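*Asks:* with the sequence up front, the predicted model follows.
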Amino acid sequence: MLLRRVMQFILVFFLGLLSLISFKYLLSLSDYIIPKPFDIWQTGKTVFARYLYNTADTLWVAIFGHVISIAMAFLVGIVGHQRSWIGTLIKSAAYNVQAYPIVAVAPIIFILLGDGLISRLLIAVMICYFPLLLSVISVLSEPVENIEHFYVATKRMNWRLQVRIRAYENIHKLTTVIAGSATMAVVGTIVAEFIAADAGIGYSIRTALYQSDLSKILVALFLIGISTSLYLTFLEWIGNVIQCRCHA
């Protein structure tokens, strides 16, 4: 699974790079706009170690933020799925806050909290928390009639049992949503670093952009793709283990 996903990304990346190089020679663009393949290779060797460290820095913030958002989504989702004024308020708040783009909210966060770790982590949490929350609420709000009917009839049904039944019956949906939101956590962290942070691969991309150095940006994109593929593969493996144990 890991090798297949990484190879798929590498294939897509180099097809995109080949298209970019073809575009360069087709339109006779200067090396300042799109560098030669040899220049990209040389830049890659020069900055690889530093960019690898920056990518790892970004990835651990994204993973930490992702874990926090999952925990929050389930805790709030368990309350929000209930048909009460609290549940309705939580769902309404989730829909309204999600309407604001993160690039509009991020400057406020940086003004209040500065450009350090907390700001990066908070933005990573925000960008994947609300889609996760809405998915969890949707799953937990959907009755499993053929199973719940028995517990209701025997008067054994309570909110804890209801949550367990609905989560168990929709475990595939939940694991898929969790794995899909991992990409959003990485994107949120990179966006935060690009806007105003002073660390991470997003900050490196911003610096390369100011230098008009496309080679460095391409190296950064390659490392981002590889690291994201590794994390997604790990999450899919965890999801498969959970599903196998639930259905065993």
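*Replies:* Perfect, thanks for sending it. As the structure is a computational prediction, the values presented were derived from the model and not from experiment.

*Asks:* residue 128 contacts residue 181, correct?
*Replies:* Yes: between residue 128 and residue 181 a contact is recorded at 4.2 Å, counting by Cβ atoms under 8 Å. Every C-beta, even on glycine, is put in place using the N, C-alpha and C of the backbone.

*Asks:* between the two, which one's more packed in?
*Replies:* residue 128 (28 against 22; other Cβ atoms under 10 Å).

*Asks:* next one: that one from residue 207, what distance?
*Replies:* For residue 128, the distance to residue 207 equals 26 Å [Cβ to Cβ, to the nearest Å].

*Asks:* scan the chain for its longest helix.
*Replies:* Secondary structure of the chain read by DSSP state H shows that its longest helix is helix 37-80.

*Asks:* give me the mean pLDDT for that helix.
*Replies:* Averaged over helix 37-80, pLDDT sits at 87.

*Asks:* quick one: the helices in this structure?
*Replies:* Counting by DSSP H, one finds helices in the chain at the ranges 2-26, 37-80, 85-98, 102-113, 117-140, 145-153, 159-169, 171-195, 200-210, 214-247.

*Asks:* comparing those helices by mean pLDDT, which bottoms out?
*Replies:* Note on the helices of the chain: lowest mean pLDDT is at helix 85-98, with a mean of 64.

*Asks:* and the residue of the chain positioned farthest from its centre, how close does it get to residue 235?
*Replies:* The outermost residue of the chain relative to its centre, with distances by Cα atoms, centre = their mean, is residue 154 at 42.4 Å. Distance of residue 154 to residue 235, computed by Cβ to Cβ: 37 Å.

*Asks:* picking that back up, give me the pLDDT for the residue farthest from the centre of the chain.
*Replies:* At residue 154, pLDDT is 73.
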